[in-house]
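>>> this one's structure only:
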Ligand SMILES: NC(=O)c1ccc[n+]([C@@H]2O[C@H](COP(=O)([O-])OP(=O)(O)OC[C@H]3O[C@@H](n4cnc5c(N)ncnc54)[C@H](O)[C@@H]3O)[C@@H](O)[C@H]2O)c1
């Protein structure tokens, strides 16, 4: 019998790509998602890529009773990959309570529900935001958390503290926290990518929308940071490299049963926002309309990963370069423009009111 893994938030951006990779490597997947920030068409396409039906339990992790029931129903699972959370720094600054409630209560309900089962392995979606304004770069896993720069970052710090204490003191659950840097790109089939659910805050959806004439331009929040060109430095990582890392991490977790381990998942290359825009322009042959605005609350100046530990321990090394990231991100947007279902959603939310710098059929 195949080993069963529960994936929370499996219909979201990182979750959908990871479900495909986990299913391809032989796991039986159950997805728990309230679909609040997911697109049903993406979930249909996940199953199309995998070639079989994957059960989806529509459960809100903030709701104890339905979480308990769903976990009990799938208590023969060996592990959980926990993606379900809110993810936007700026939104968390505006709505801190929503972030604490969803990201912390959701995690606690899930952990409490798991307590009575024999589920043993837990992979957690953490974030490079836990490092805050790091004292030195690249950041390594041993570095202490600096002050969280946003409620979102605080929820990830709190979650990691809870998971570590639980693993150390209670001892049953074996936990790996994966600290993602900035995922971009899409699946090589271009059947799935980042769906535009909610207000897109991250750089790539905004670049795509501006290039397509669906936003007037993108605003770069701050050009007075202490970086080479004044814009913030981030570590962009292709979504497929990230998805593949989860398969390796789950395998490693099962084989090694650590108490609690943490891995950075980034490329180690810090790029400024302007450098990313230039790469997008160069590799796609399209101009990106942008202007500068004030700094955005919650953003740090620079963060990029040391990936040494993930390579040494998990044998994971990102394969895709920035060219593939910017080309895949744009190509996925074009697929959405050319697919009636996605096109309709784009037209409803972001009507094409501005001049596009690319041709869109
Ligand atoms: N995308 C990034 O830039 C990034 C970077 C670092 C860490 N992360 C973390 O990775 C995880 C996944 O990110 P993503 O980009 O795929 O986000 P996403 O918003 O695309 O997906 C999150 C999924 O979780 C579901 N969800 C949210 N709250 C839920 C709840 N209470 N109950 C059930 N389902 C719920 C949503 O419907 C959605 O399908 C998150 O924990 C996020 O904080 C993301």
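Nice, thanks for sending it over. Quick caveat: nothing in here was measured; it's all calculated off a predicted structure.

>>> mind listing what residue 109 touches?
Counting by Cβ atoms under 8 Å, 6 or more residues apart in numbering, residue 109 touches 61, 62, 63, 64, 67, 68. Bear in mind the C-beta positions are built from the backbone N, C-alpha and C, glycine included.

>>> And the furthest pair within those?
The span of the contacts of residue 109, defined through Cβ to Cβ, is set by 62 and 68 at 12.5 Å.

>>> so residue 176 touches residue 126, yeah?
No: using Cβ atoms under 8 Å, residue 176 is not in contact with residue 126; the gap is 9.6 Å.

>>> Of the contacts of residue 109, just the buried ones, ChimeraX syntax please.
In ChimeraX, this line selects whichever of the contacts of residue 109 come out buried by 16 or more other Cβ atoms under 10 Å:
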select :61,62,67,68
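
>>> what number of residues lie near residue 157?
19 (other Cβ atoms under 10 Å).

>>> Surely it forms part of a strand?
No: judged by DSSP: H, G, I helix; E, B strand; the rest coil, residue 157 forms no part of a strand; its state is helix.

>>> Quick check: the gap between it and residue 222.
Distance check for residue 157 against residue 222: by Cβ to Cβ, to the nearest Å, it reads 23 Å.

>>> Return the list of helices and strands in contact with the helix or strand containing residue 262.
Per DSSP states H and E: residue 262 is located in strand 260-265. For strand 260-265, the packing partners by 3 or more Cβ pairs under 8 Å, 6 or more residues apart in numbering; DSSP states H and E come out as helix 151-165, strand 174-180, helix 239-256.

>>> Highest average neighbour count across these: which stretch is it?
strand 174-180 (a mean of 23; mean count of other Cβ atoms under 10 Å).

>>> So what are the sheet partners of that strand and their directions?
strand 121-127 (parallel), strand 260-265 (parallel) (DSSP bridges).

>>> Mind putting these into a markdown table with mean pLDDT?
Compiled in a markdown table, those are given as follows (pLDDT from 0 to 100):
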| stretch | mean pLDDT |
| --- | --- |
| strand 121-127 | 98 |
| strand 260-265 | 98 |
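
>>> Might you enumerate the residues of the stretch 51-200 of the chain proximal to the ligand?
Counting by Cβ under 6 Å from any ligand atom, the stretch 51-200 of the chain comes close to the ligand at 59-62, 83-85, 87, 102, 106, 125, 127, 180, 182-183.

>>> Pick out whichever of those sits closest to residue 276.
Among these, and counting by Cβ to Cβ, the member closest to residue 276 is residue 182, at 9.3 Å.

>>> Residue 234 is in contact with that closest one, correct?
Yes: the pair residue 182 / residue 234 is scored as a contact, 4.8 Å apart, by Cβ under 8 Å.

>>> which one of the two has more residues nearby?
Counted by other Cβ under 10 Å, residue 182 and residue 234 do not tie: residue 234 has more neighbours, with 25 against 21.

>>> That one is in contact with residue 300, isn't it?
No: if you go by Cβ under 8 Å, residue 234 and residue 300 don't touch, sitting 9.1 Å apart.

>>> Let's see the pLDDT reported for residue 1.
The model reports residue 1 with a pLDDT of 63.

>>> repeat for residue 65
98.

>>> measure it to the ligand for me?
Look at residue 65 and the ligand: by Cβ to the nearest ligand atom, to the nearest Å, they are 13 Å apart.

>>> give me the element that residue is part of.
Assigned by DSSP H and E, residue 65 falls in helix 64-73.

>>> Residues touching that helix, excluding its own?
Applying Cβ under 8 Å, 6+ apart, the set of residues contacting helix 64-73 from outside is 6, 32, 57, 59-61, 109-110, 112-114, 116-117, 119.

>>> Tabulate these (a markdown table), appending pLDDT and secondary structure.
Listed next are those as a markdown table, based on pLDDT from 0 to 100; DSSP: H, G, I helix; E, B strand; the rest coil:
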| residue | pLDDT | secondary structure |
| --- | --- | --- |
| 6 | 98 | strand |
| 32 | 98 | strand |
| 57 | 98 | strand |
| 59 | 98 | coil |
| 60 | 98 | coil |
| 61 | 99 | coil |
| 109 | 98 | helix |
| 110 | 98 | helix |
| 112 | 98 | helix |
| 113 | 98 | helix |
| 114 | 98 | helix |
| 116 | 91 | coil |
| 117 | 97 | coil |
| 119 | 98 | coil |
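
>>> What is the nearest of those residues to residue 145?
residue 110 (22.2 Å).

>>> surely that closest one meets residue 81?
No: using Cβ under 8 Å, residue 110 is not in contact with residue 81, being 11.1 Å away.

>>> so where's the stretch 51-200 of the chain shaky on pLDDT?
Applying pLDDT under 70 to the stretch 51-200 of the chain flags no residue at all.

>>> coming back round to it: need the overlap of contacts for residue 176 and residue 126.
residue 262.

>>> And the strands in the stretch 1-150 of the chain?
With DSSP state E, counting those that start in this stretch as the criterion, the stretch 1-150 of the chain has strands at 4-8, 28-32, 56-57, 79-82, 121-127.

>>> can you list those in a markdown table and add mean neighbour count?
Listed next are those as a markdown table, based on neighbours: other Cβ atoms under 10 Å:
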| stretch | mean neighbour count |
| --- | --- |
| strand 4-8 | 25 |
| strand 28-32 | 24 |
| strand 56-57 | 20 |
| strand 79-82 | 26 |
| strand 121-127 | 23 |
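
>>> and the residue of the stretch 151-300 of the chain found nearest the ligand, what are its bridge partners?
Taking Cβ to the nearest ligand atom, the ligand has its nearest neighbour within the stretch 151-300 of the chain at residue 180, 3.7 Å off. Beta bridges link residue 180 to residue 127, residue 265, judged by DSSP bridges.
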